[in-house]
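1. Got a predicted model here, sequence first, then my questions.
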Amino acid sequence: MEPILQVKNISKSFPGVEALTNISIDFYPGEVHALVGENGAGKSTLIKIISGVYIPTRGQVILNGKEMNFKNPRQALDEGISVIHQELSIANDLTVAENIFLGAEPVQKNGLLDRKTMNRDAQEVLDFMKLELKATDLARELSAAQQQMVEIAKVITKKSKIVVMDEPTSSLSEHEINALFKQIKILKEKNVAIIYITHRLKELFEICERVTVLRDGCHIKTRMVKDVTEGEIVASMVGREIGNFYNRKRHTQGKEMLRVEGLTRKKAFKDISFKAFAGEILGISGLVGAGRTEVMEAVFGETKFDEGKILIEGKEVKITSPREAIAHNIGLVTEDRRKTGLMLDAMIKENIVLPSLTKHRKKGGFLDKNWEKKVSTEYMDKLKIKAPDIYTILNTLSGGNQQKVILAKWLIAESKILILDEPTRGIDVNAKSEFYSLMNDFVKKGGCIIMVSSELPEIIGVSDRVLVMREGRISGELSREEATEQSIIQLASVHS
Amino acid sequence: GSKEEEAAPGVVTGDATETEETAAKTADDAGSESYKVGFIVGSREHVFYNLIEAAIEEKCQELGLEYIILDGQLDANVMSDEIQDLTAQNCDAIALSCNDAAGVKPAIEAASAEGIAMFTFDCTSESDAIICFAGTDNTEGGRLGAQEVLRLCKVGDKVAMIGYPTASSVLDRQTGFEEVIKAQSDIEYKFFGDYAGDANKAQQLMEDWLTQEPDLAAVFCAGDPAATGALAAIKAAGANTLVIGFDGNPEAKTAILDTEGNGKWWVSEISQNPSEIGSTITEQMHKYLTTGSVDSDFILIEPYIITIDNAAE
Amino acid sequence: MNSKIKRWVSKNVVVIVLIILCIVFGLSNDTFLSGRNLINLTSQMSINALLAAGLTFVIILGGIDISVGSVAALAGIASAMAGLLFPDMSIATSIVILIVSGVVVGGISGAINGLMITKFRVVPMITTLAMMSIARGLSYILTGGQPVYGLHNNFAWLGAGRLIKTESMPNGIIPVITIFTFIVVFLMHTLLSKTVFGRHVYAVGSNRQVAHLSGIHVNKVVFISHVLCGITAGLGGICVASKLQNGQPAACEGYEMFAIAATVLGGTSLVGGSGSVGRAIFGCAIIAVINNGMNLMQISSYWQKVVIVAIILAAVILDMSQKKNSK
Amino acid sequence: MNSKIKRWVSKNVVVIVLIILCIVFGLSNDTFLSGRNLINLTSQMSINALLAAGLTFVIILGGIDISVGSVAALAGIASAMAGLLFPDMSIATSIVILIVSGVVVGGISGAINGLMITKFRVVPMITTLAMMSIARGLSYILTGGQPVYGLHNNFAWLGAGRLIKTESMPNGIIPVITIFTFIVVFLMHTLLSKTVFGRHVYAVGSNRQVAHLSGIHVNKVVFISHVLCGITAGLGGICVASKLQNGQPAACEGYEMFAIAATVLGGTSLVGGSGSVGRAIFGCAIIAVINNGMNLMQISSYWQKVVIVAIILAAVILDMSQKKNSK
Ligand SMILES: Nc1ncnc2c1ncn2[C@@H]1O[C@H](COP(=O)(O)OP(=O)(O)OP(=O)(O)O)[C@@H](O)[C@H]1O
Ligand SMILES: Nc1ncnc2c1ncn2[C@@H]1O[C@H](COP(=O)(O)OP(=O)(O)OP(=O)(O)O)[C@@H](O)[C@H]1O
Ligand SMILES: [Mg+2]
Ligand SMILES: [Mg+2]
């Protein structure tokens, strides 16, 4: 069988990061080819090169034996390559039908938009996929999962030769995942080549023929799925013993730092109660969309809640804004570092001292520039932030180092309770490991960490105690010994 | 209407323009006792027009005319719309002050075609539909300004003018001024600048000129805001340049009377006569509506000179 | 039911405001609701409608164009200067001269704006601020600051002519400018709401990155929108020139603000992503009605300004709070 | 080394442009580089510098304030009207009247802007567009369109007075307005670059969400910045009133555009997050130098506008392309 698509010796570097090094892979029609690898392995970067979003530093993209080298997404689309990107790609102000046909709108004979056909065809696809959506609904009004399904519908209507899906199931429930798999099978029958990125290894064995493992931007291996085991794939993904990777240490639980009682917000979460202690890492697990982020935002005062109370060190407190949370020594590392974590166009030192400026101001509200310089240099060294100096613009740092800057920011703010939402998302293996030891140091000194994570190994490897959330409620609490992939998934899954 | 021939200063009385048609029409209307007249002043944001407006109101009340006054906002497009609005309200006559000779011809002619008597004041239009115009003879005003400059200067002096060539009435003043001053070989006409209606800009122009020519003897300012700006610059620089203003607004009179202060520099003013303009055009409209004729189709209200001698009047 | 009414109200704030205004003015003045005045109104709102029609595209993209007033003036000057070359023009010739001048001058200005924004990445505010000064400066330089006049009467047909002349209305009833504006607005509305290009405008305004990933040539969409905005501004300008039968270098000064206000009143969000040409015209109507009604009621022009602004603000705040509620 | 020079150039485009302009004008005109003219220059750029100083805050926040010119006029009117109440004012009284009028009128206008933006979520463009009309309208309503005149000579001390009188320059050398502007600009620059509040302004402009999550009271920062912008606009306005020794309702018309241009020339990005009051002053200097130089060379005011804009655009594009290269 001839490969329909080949990438040859592809390398791609970003400032400070070599995202891909010399990757060569062949993709075949009628096959689902999985790309797996840890966060930051370079999967998304590779498919962005295939789809013309990025131009590779070196190497070629070859389609049907012809060298293509796309300059923009249009060219790739014209060649029949369509992509579901990892980030939701929906225009909120357009309707479902308009999103589905965006860039490929049907036209009437008189040159006008054929809205009727568009709505009809879109509705057909939606019905075919058994989605309870109207083609004329505004995208803005859909849930994240529904938006994701619309993107899938968009790809299906394109009748492409190559379909790329970057973590399409990350925000879908069981029911929707089944619908997606049905569609993938139909595409396969039509001899479409599918590139499928996922972190859920079980899915490989359900629908994939071939799997390629990437690690740290390098091509590790490509195998037929039927020839490998899950353990083998995990081993090559991680590339080292998992045990010491998490730097696992046992902590001693101290006094109660945070208590949440009966926290409720309509349509988001209900009756959330838990305690977090000094000297421990409390892991919060659950499927994407379980409401973990929303609870943390409510605790941090970023959003309101309808009922319930929050106690810090045993005293009830009123937290209605992040300012008040910070005053109670809470720090929040958000899940989207680029959007809500950092001022990307500002310097390290400006980012790192931001929440502490008011506390350390001089008389008359003046900046204490000496302190600023001292403390940022100190923490750059302490956390081993890799950058020329404290004046480096954040944009030029690698993800891991950016994440360390955020951590430094809350350490300098003298946080006692740190809430980490997906703290290691998109950072590489080494940075991750370093980050875990920083977390351990913090806890050892009597700090309290609440870590939300969707990566089970991380939850299991790092937490002293695990809370599992499901559909806006806490579905169970597991001690360090009880917490296994099995037990967590059981509590997290909707239909169990 | 023949305007060019009537360049002679003073209230020029041309042939009464009375045609059979208009006379007949007005005879019809004469039955309805009271007349409704509309006015569009150039801008409510100018003292000059405010004074005209005041005179119009007074005259209308005196003559028993029903009147509407609108603000043209110095925008011909707005004036054009306002002519429509006045027409829709069944005015018998409309008087407006155009921005420039190009005027709002189509709207004027459309209104005229509907039988509305069209008048202009301050600045007229090229349209033939205008029954009567009353306004300052700005060119003559410019000449008067030049004469004042000559009166106040001595041989070899250098003088300047601040104008606003975009405004056609002000351009006329420039024409008149330059006509006289350029013919004079013993006075050097050194600078001309555009202050665009902004007193602060006039101040900067004057400041820059005084840097180059500290002994500038006089400046003719074709508008009171320009004179205000120039005066500020002259005082700040400690120069002895004399200011000849144009408009005749109250601030000018106050300045001239202040002999110990501003009057040391601002010594002369070419004054328009806004009240005269306002009452003249109103009278002519009334006359036309009642008798079907006007005194003249082109009435120039002569500008006059204000100095310390007559400023108090 | 109740929420349905609410939604309808929130979607049609501008129409409701318009109706209320008409009732208020109608009650307080006899002339206001006369057929004649209403027809006048359509011609009075024409210029603003033309400017707003193109501006809507640019604002949906999340941009802004504050050069429309100046570009209009420049186009007007150009048409008048071209018109002087044809001392005996027929109506047909005059229309060709006017429209070609408007399209060419407006198109070029818009293209320069578009180029600066897409190629040189200058933000729209600065680009169009520059174009505002340059177009205005050129108008003055070309004319020496004096209006271009002495044009043939036929030159005024488009802007000041009326069709269907009757005994009682010897000048005709229906303004040509109204018909012309209607056609242009209709075309622009169709382009925005009924064509693929229009969809792409919304998509780019809603989410540039998504549009790019969907294979839309974002720069092309931005460029063309600016050209269109320039062209409608140019057409607005030639309408003024024709209406006044001359070219005024100072014409349309500050009209960009009215056009922006009308667009925003019509529900087009300055953040981009949503809006409609048709609704912008309601915005124009509101502004025109206020001006006209207050003229009829002899309210001072300062107050007119203040009232217009207050109504715009009220409408925007109402719109905002409605949107917040629906979230 | 080479790249170091490049970096310096890219950071100082505006200074280099300024120097080049000075050389060009110096060569083509004797007066330009005279001490006297240079001192005049500092006083001529003062108004714009005051407006730009506050505007810089708002623009760093990613906002805009197009009401500064009108607010300045209103403050000028207010100061003149207040001044009329003191027929025999001393210099000290006049300064108090002027500064209080500027701060109060500017502060209130800015506070209203800030309130609309933070409370009612009206976009800055529309809010300040409204304030522009309202402030201008009020100026006319309060004065009936007439300048407020008849003020005591001491009223003019701040705007037109000069210090250090010598034999050869009996009116003094150093303009009071220059010193006043210097103080205000220095305070604003210090506030922005040396205080916690200033840092918060940058943070909000850089990433509002991050600022909020870092415990910054975003609305307060936005509100105070608008108040500050209003106050400097007010101070600009009272300087004009003092300079002219009267209150002109039409003062400072269109000055917002010059202030925005100066700010952008000074490297403040309209997208927000970066900028400096100090650099904005270089922008003001460029504009003042062009105006002054062209005045001296008697170049038509129409061309002045076009040239200023061309230079602004060139500087912005140069700046952009430098930034792109360094990325
Ligand atoms: N635009 C960019 N600028 C700088 N670095 C980038 C950019 N995009 C990706 N990277 C870096 O390139 C590396 C690979 O990222 P990529 O998104 O391809 O990972 P991934 O395998 O898709 O991870 P995930 O499973 O989390 O999606 C990471 O270190 C990331 O931080
Ligand atoms: N921007 C959004 N628009 C619509 N729905 C959203 C949005 N963000 C979150 N949701 C929905 O809110 C609910 C809770 O989301 P939340 O982000 O708190 O979940 P989570 O467990 O933290 O998952 P994640 O791992 O994605 O952060 C989910 O149903 C999700 O789909
Ligand atoms: Mg990825
Ligand atoms: Mg989350």
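-> Thanks, I have the structure now. The shown structure was predicted, so the numbers you read here are calculated from the model rather than taken from an experiment. Residues are numbered from 1 along each chain as shown, chains lettered A, B, ... in the order given. Ligands and ions are numbered 1, 2, ... in the order given.

2. In a helix, A:G476, correct?
-> No. With DSSP: H, G, I helix; E, B strand; the rest coil as the criterion, A:G476 is assigned strand and is not in a helix.

3. So what sits opposite it in the bridge?
-> The residues listed as beta-bridge partners of A:G476 by DSSP bridges are A:V468.

4. is ligand 2 contacted by stretch A:199-207?
-> No. For a cut-off given as CB under 6 Å from any ligand atom, stretch A:199-207 has no contacts with ligand 2; the smallest distance is 11.9 Å. (Each C-beta comes from the backbone N, C-alpha and C, glycine too.)

5. how about that stretch against ligand 3, any contact?
-> No. Applying CB under 5 Å from the ion, one finds stretch A:199-207 out of contact with ligand 3, separated by at least 9.3 Å.

6. List the buried residues in that stretch.
-> Taking 16 or more other CB atoms under 10 Å in any protein chain shown as the basis for neighbour counts, the residues of stretch A:199-207 that come out buried are A:H199, A:L201, A:E203, A:L204, A:I207.

7. so can I have a markdown table of these showing distance to ligand 4, pLDDT and secondary structure?
-> Conversion of the buried residues of stretch A:199-207 to a markdown table gives the following (distance: CB to the ion, whole Å; pLDDT from 0 to 100; DSSP: H, G, I helix; E, B strand; the rest coil):
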| residue | distance to ligand 4 | pLDDT | secondary structure |
| --- | --- | --- | --- |
| A:H199 | 15 | 76 | coil |
| A:L201 | 21 | 78 | helix |
| A:E203 | 21 | 85 | helix |
| A:L204 | 24 | 87 | helix |
| A:I207 | 26 | 91 | helix |
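
8. quick one: which of these is nearest D:L313?
-> Proximity of these to D:L313, judged by CB to CB, is greatest for A:H199, which lies at 49.1 Å.

9. got a list of what that closest one touches?
-> By CB atoms under 8 Å, 6 or more residues apart in numbering or on different chains, the residues touching A:H199 are A:V36, A:N39, A:E167, A:S170, A:E455.

10. among those residues, who's most crowded?
-> A:V36 (25 neighbours; other CB atoms under 10 Å in any protein chain shown).

11. Where does the prediction get shaky in chain A?
-> Applying pLDDT under 70 to chain A flags the ranges A:15-16, A:39, A:239-250, A:426-430, A:494-496.

12. wouldn't B:T254 be in contact with D:L151 here?
-> No. At 10.5 Å, B:T254 does not count as touching D:L151 under the criterion of CB atoms under 8 Å.

13. More neighbours: the two, which one.
-> Set B:T254 next to D:L151 and count neighbours by other CB under 10 Å: D:L151 wins out with 25 against 16.

14. Nearest to ligand 1 within the stretch 1-150 of chain C, name that residue for me.
-> Scanning the stretch 1-150 of chain C for proximity to ligand 1 using CB to the nearest ligand atom identifies C:R121 as nearest, at 18.2 Å.

15. That residue and chain A: what is the separation?
-> Distance of C:R121 to chain A, computed by CB to the nearest CB, to the nearest Å: 15 Å.

16. Confirm that residue sits in a helix?
-> No. According to three-state DSSP, C:R121 belongs to no helix; its state is coil.

17. For chain B, which residues are neighbours of ligand 3?
-> Within chain B, no position lies close to ligand 3 (CB under 5 Å from the ion).

18. so how many other residues sit close to the residue in chain A positioned nearest to ligand 3?
-> Chain A approaches ligand 3 most closely through A:S44 (3.0 Å), counting by CB to the ion. Neighbour count for A:S44, taken as other CB under 10 Å: 22.

19. now for the host helix or strand of it, which elements pack on it?
-> Per DSSP states H and E, A:S44 falls inside helix A:43-50. Other helices and strands packing on helix A:43-50, by 3 or more CB pairs under 8 Å, 6 or more residues apart in numbering or on different chains; DSSP states H and E, are strand A:5-14, strand A:17-27, strand A:32-36, strand A:81-84, strand A:162-166, strand A:193-197.

20. out of those, nearest to C:L313?
-> Within these, the stretch nearest C:L313 is strand A:81-84; the backing value is 42.8 Å (CB to CB).

21. helices and strands around the closest one, which ones?
-> By contact count (3+ CB pairs under 8 Å, 6+ apart), the secondary structure elements abutting strand A:81-84 are helix A:43-50, helix A:144-157, strand A:162-166.

22. Show me what that strand pairs with in its sheet, parallel or antiparallel.
-> In the sheet, strand A:81-84 lines up with strand A:162-166 (parallel) (DSSP bridges).

23. Now do the strand it pairs with: distance to the chain's middle.
-> Going by CA atoms, centre = their mean, to the nearest Å, the spacing between the C-alpha centre of strand A:162-166 and its chain's C-alpha centre is 18 Å.

24. ditto for stretch C:124-133
-> For stretch C:124-133, the distance from its own C-alpha centre to the chain's C-alpha centre is 18 Å (CA atoms, centre = their mean).

25. near chain D at all, that stretch?
-> Yes. With CB under 8 Å from any CB of the partner chain as the measure, stretch C:124-133 is seen reaching chain D through C:M125, C:I126, C:T127, C:L129, C:A130, C:M132, C:S133.

26. How about the residues of the stretch 51-200 of chain A by chain D?
-> Along the stretch 51-200 of chain A, not a single residue is adjacent to chain D under the rule CB under 8 Å from any CB.
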